[in-house]
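[1] Following is a predicted model, sequence given first.
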Amino acid sequence: MVNIKSQTNQALQGNLQGGLHGELAVPGDKSISHRGIMFGAISQGTTILRHFLTAEDCLSTLKAFQQLGVPIERDGETVTIKGVGLHGLKQPADALDMGNSGTTTRLIMGLLAGQKFQTKLVGDASLSKRPMKRVSDPLGEMGADIRVTDGHLPAMINGKSLHAVDYHLKVASAQVKSALILAALQADGTSTIVEKQPTRNHTEIMLKAFGAKVETEADDVTITVHPNPTMTGLTLNVPGDMSSAAFFITAASLVPHSKVKLTNVGMNETRTGLYDILKRMGGQITLSHENHSGEPTADLTVESADLKPVEIGADEIPAVIDELPLVALLAAKANGVSKVTGAGELRVKETDRIAAIVDEFTKLGIAIKDLPDGFIIDGSQPWHVTDSHLDSHGDHRIGMVLAVAALLVKEPLTLKGADSINISYPQFFDDLATLI
Ligand SMILES: O=C(O)C1=C[C@@H](OP(=O)(O)O)[C@@H](O)[C@H](O)C1
Ligand SMILES: C=C(OP(=O)(O)O)C(=O)O
């Protein structure tokens, strides 16, 4: 297997006889790496991030905060941030390039809405099609002045004094929630943010660790934010990314005769939807070395298994949102008809992930039908490759799910746009090769 960095048409490996075997420590969590840079930047003193994710999305965050005047140095996966405090960011000389990263864009909007300067945000073609009013509108209710372009990037942020809010989120989105929390840290009073459904809670957990006063009520959806905290830098070991481990969890479950151990994987329960769903489908996955302090982690041992079909509805979606392409692949080998609904958010990710999965799985002869907010898959039908030229649609997660799907077919396949995988997992093919 070759490194993909300069390849546009990656040859994919299939037809494995002996299964996948070995042990792997997946790269650091993307959501936690982004937040580590941001919260370290607005704290006082030094923050050290270990096992930082050195993928393009998190490097966009790192560069943006350097442009905002924060001294940040990176030595491999260790990042040192000299925090400037909540009021120490400086107006950047140029526009901030968000690259492909929705998380960087939406969280930075919340933070810069309350800074006393002007910033322009730009992004790549994919990011420039993703909805931004979901953030600029609620921030506007706090007094922010954010001008988006027909609801999209480029955006101009004119920093203002912000008012406290009592806001009920209209979408189940950790990015929108986090933007509001970051704005609320700078508001003139205590804010309450109420989620539609619980979503990943790294912002709340990490801000508390840095010293901010952020409280989550017992209902799991009401968050109270007290303004003007004194935040202090800290040393943080970023756990392995469940969303990256998920590719190998799926591959080991589906490729016969496999047994793979994934070490130090983040097990925050707002992120473990794939683990829960796989167990329900009859997957063979066991936990060891469980650590429950701060962000929980565990080692996961996965063996191949015969899978049952599954039904997934809206209340389960946030904890598995980025892994739904993999749920589709698991369903495509399960013994019956599976159905996913309530996942309309997939249509506004790096690409329309429902359309991309249906297009590409159809090339493999998988019996899949799209729904407005999900899909139906009959895994009891055998696959027949009708087109060997797969396409990532420029989306890292679609690229990786297709690479895993290719392990299950005999025909040689190629993947167009494999370089998109660098967005979240540059060493994906190298890591996969260690298990073959
Ligand atoms: O807050 C985060 O770090 C993320 C939240 C999710 O997006 P939404 O908030 O749009 O659901 C997820 O899809 C994304 O990969 C990372
Ligand atoms: C949707 C994703 O990321 P973002 O929204 O940060 O671009 C993802 O990583 O799958």
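    On my side now, so go ahead. Ligands and ions are numbered 1, 2, ... in the order given.
[2] mind listing what the closest residue in space to residue 337 that isn't next to it in sequence touches?
    The shortest distance from residue 337 to any residue that is not its chain neighbour, by C-beta to C-beta, 6 or more residues apart in numbering, is 4.9 Å, and that residue is residue 378. Quick note: C-beta positions are derived from backbone N, CA and C, even for glycine. By C-beta atoms under 8 Å, 6 or more residues apart in numbering, the contact list for residue 378 reads 336-337, 367-368.
[3] Residue 34 belongs to a helix?
    Yes. Counting by DSSP: H, G, I helix; E, B strand; the rest coil, one finds residue 34 located in a helix.
[4] That one: how many residues sit nearby?
    26 (other C-beta atoms under 10 Å).
[5] Please apply the same query to residue 426.
    21.
[6] Need the nearest residue in space to it, chain neighbours excluded.
    Distances taken as C-beta to C-beta, 6+ apart put residue 55 closest to residue 426, at 5.6 Å, once the chain neighbours are dropped.
[7] count of residues packed around that neighbour?
    Number of residues near residue 55 (other C-beta under 10 Å) recorded here: 24.
[8] so it makes contact with residue 29?
    No. Between residue 55 and residue 29 there is no contact under C-beta atoms under 8 Å: 10.9 Å.
[9] CA atoms only: put stretch 265-275 into CSV for me.
    Presented in CSV, the C-alpha positions along stretch 265-275 are these (Å, rounded to 0.1, in the frame of the first residue of the first chain):
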residue,chain,number,x,y,z
VAL,A,265,-9.7,5.6,22.0
GLY,A,266,-11.9,8.4,23.3
MET,A,267,-15.1,6.9,24.8
ASN,A,268,-17.1,10.1,25.6
GLU,A,269,-20.7,8.8,25.5
THR,A,270,-21.7,11.7,23.2
ARG,A,271,-19.4,10.1,20.6
THR,A,272,-19.9,6.3,21.0
GLY,A,273,-22.9,5.8,18.8
LEU,A,274,-21.1,3.5,16.5
TYR,A,275,-19.9,1.3,19.4
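[10] now residue 251, nearest residue through space, not along the chain?
    Distances taken as C-beta to C-beta, 6+ apart place residue 404 nearest to residue 251, at 4.7 Å, with adjacent residues excluded.
[11] Shouldn't that neighbour be within a helix?
    Yes. Counting by three-state DSSP, residue 404 is part of a helix.
[12] Low-confidence regions, the stretch 201-350 of the chain specifically.
    Screening the stretch 201-350 of the chain residue by residue with the criterion pLDDT under 70, one finds no matching range.
[13] What residues does it have near ligand 2?
    Within the stretch 201-350 of the chain, the positions adjacent to ligand 2 are 322, 349-350 by C-beta under 6 Å from any ligand atom.
[14] which one of those residues has the most neighbours?
    The member of those surrounded by the most neighbours (other C-beta under 10 Å) is residue 350, with 25 neighbours in all.
[15] Could you look up the SS state of that one?
    Per three-state DSSP, residue 350 ends up coil.
[16] Pull up the gap between it and residue 330, please.
    For residue 350, the distance to residue 330 (C-beta to C-beta, to the nearest Å) stands at 21 Å.
[17] swap in residue 367?
    Computed as C-beta to C-beta, the residue 367 to residue 330 distance reads 14 Å.
[18] Of these two, which one has the most company?
    The residue with more neighbours, out of residue 367 and residue 330, is residue 330; 24 against 16, by other C-beta under 10 Å.
[19] Just list the residues touching the more buried one, thanks.
    For residue 330, the set of contacting residues under the criterion of C-beta under 8 Å, 6+ apart consists of 250, 253-254, 277-278, 281, 283, 307, 310.
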